[in-house]
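Enquirer: Okay, sequence plus prediction incoming.
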Amino acid sequence: MDGNGRWAKQKGHMRIFGHRHGVKAVRAAIEAGAELGVKYLTMYAFSAENWTRPQQEVSALMELLVSTIEDELPTLMKNRIRLETIGNIEQLPAKCQVQLTKTKAKTAENDRLTLVLALSYSGRWDIIEAVKKVSKLVEEGVLKSEDIDESELNKALSTAQYPHPDLLIRSSGEQRISNFLMWEIAYSELYFTPVLWPDFTKDDFYRAIVDYQGRERRFGKTSEQIA
Ligand code: IPE
Ligand code: MG
């Protein structure tokens with residue numbers, strides 16, 4: 001989700017104005033995903049690098065996170081959406097952590113769509129944490145180093161229980177990954193749209209899906225093999 005700051009600036013407002021308007025785009029994307037039968041939707045809400053933004057913006061984003069999760073609980077329940085998180089959650093203010101823990105517990109049995117919020121998340125950080133876990137298994141003699149494979153690393157990542165993404169959407173015209181799901185997107189289809197995040201609608205989500213449906217995913221094979 002990118003472009004909140006630029007959207008606000010274009011309108012002559014403070015950056016936080018853009019973040020606030022970004023919430024309705026979040027709602028639209030979740031709703032569109034649920035209606036289309038998407039089972040997992042991961043939203044990059046706050047990166048590990050975002051901590052370096054001005055303190056005022058960081059605090060405002062954290063406040064917005066708490067109030068949004070609180071306000072959205074009835075909608076999550078109504079639409080059977082399960083909330084989960086990935087990232088270094090311990091770095092978040094206590095208030096955020098409490099709100100997240102509460103909401104995750106309340107939505108744990110919801111089965112229509114799993115919404116994974118990436119918070120204080122960095123793909124490289126997650127890979128390092130996974131390597132530490134795998135090293136520990138080796139140290140303890142549970143795993144032989146020659147047996148380390150993709151599946152062992154997959155199991156050690158914070159995304160272990162989720163399938164790897166089929167499609168990655170980035171808004172605002174930027175064409176980079178910015179440390180998102182570095183390992184998991186190895187074979188994801190990438191979709192970039194110039195739409196700034198607060199303007200992102202259900203139709204934009206549908207456009208991304210339709211584009212995705214026109215792709216041929218070969219996973220290293222030839223076109224003939226896929227057919
Ligand atoms: C939203 O957009 C991403 C968040 C960190 C919440 P930005 O805040 O990065 O907006 P731009 O890139 O400055 O326009
Ligand atoms: Mg940005």
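Expert: Nice, I can see it. Numbers count the residues shown, from 1 in each chain. Ligands and ions are numbered 1, 2, ... in the order given.
Enquirer: and the protein, which residues reach ligand 1?
Expert: By CB under 6 Å from any ligand atom, the residues of the chain that approach ligand 1 are Met1, Asp2, Gly3, Asn4, Gly5, Arg6, His19, Phe46, Asn50, Ser172, Trp197. The way it works is simple: take the backbone N, C-alpha and C, and place the C-beta from them, glycine included.
Enquirer: Report the buried residues of stretch 42-60.
Expert: Residues Thr42, Met43, Tyr44, Ala45, Phe46, Ser47, Ala48, Asn50, Ala60 are the ones in stretch 42-60 that count as buried (16 or more other CB atoms under 10 Å).
Enquirer: okay, the residues of the chain next to ligand 1 in TSV with pLDDT and secondary structure next?
Expert: Formatted as TSV, the residues of the chain next to ligand 1 follow (pLDDT from 0 to 100; DSSP: H, G, I helix; E, B strand; the rest coil):
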residue	pLDDT	secondary structure
Met1	98	coil
Asp2	98	coil
Gly3	98	coil
Asn4	98	helix
Gly5	98	helix
Arg6	98	helix
His19	98	helix
Phe46	98	strand
Asn50	98	helix
Ser172	98	coil
Trp197	98	helix
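Enquirer: if we can go back for a sec, filter the buried residues of stretch 42-60 down to just the ones in strands.
Expert: Secondary structure from DSSP state E places Thr42, Met43, Tyr44, Ala45, Phe46, Ser47 of the buried residues of stretch 42-60 in strands.
Enquirer: Nearest to Ile177 among these?
Expert: Distance to Ile177 across those (CB to CB) is lowest for Tyr44, with 9.8 Å.
Enquirer: wait, Glu216 sits on Ile226?
Expert: Yes - because the distance of 6.4 Å satisfies CB atoms under 8 Å, Glu216 is recorded as touching Ile226.
Enquirer: Now do stretch 16-27: distance to the chain's middle.
Expert: 16 Å (CA atoms, centre = their mean, to the nearest Å).
Enquirer: do the same with stretch 98-115
Expert: With CA atoms, centre = their mean, you get 15 Å for stretch 98-115.
Enquirer: Below-threshold pLDDT in the protein: ranges please.
Expert: Along the chain, no part satisfies pLDDT under 70.
Enquirer: Which PyMOL command selects the buried ones in the residues of the chain next to ligand 1?
Expert: To isolate the buried members of those in PyMOL, using 16+ other CB under 10 Å:
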select buried, resi 1+2+3+4+5+6+19+46+50+172+197
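Enquirer: can you name the two of the residues of the chain next to ligand 1 that are farthest apart?
Expert: Top of the distance list for the residues of the chain next to ligand 1 (CB to CB): Arg6 and Phe46, 17.4 Å.
Enquirer: Buried residues in whichever helix in the chain runs longest, which are they?
Expert: Determined from DSSP state H, the single longest helix within the chain is helix 55-78. By neighbour count with 16+ other CB under 10 Å, helix 55-78 contains the buried residues Ala60, Leu61, Met62, Leu64, Leu65, Val66, Thr68, Ile69, Glu72, Leu73, Leu76.
Enquirer: Nice, that's everything, thank you.
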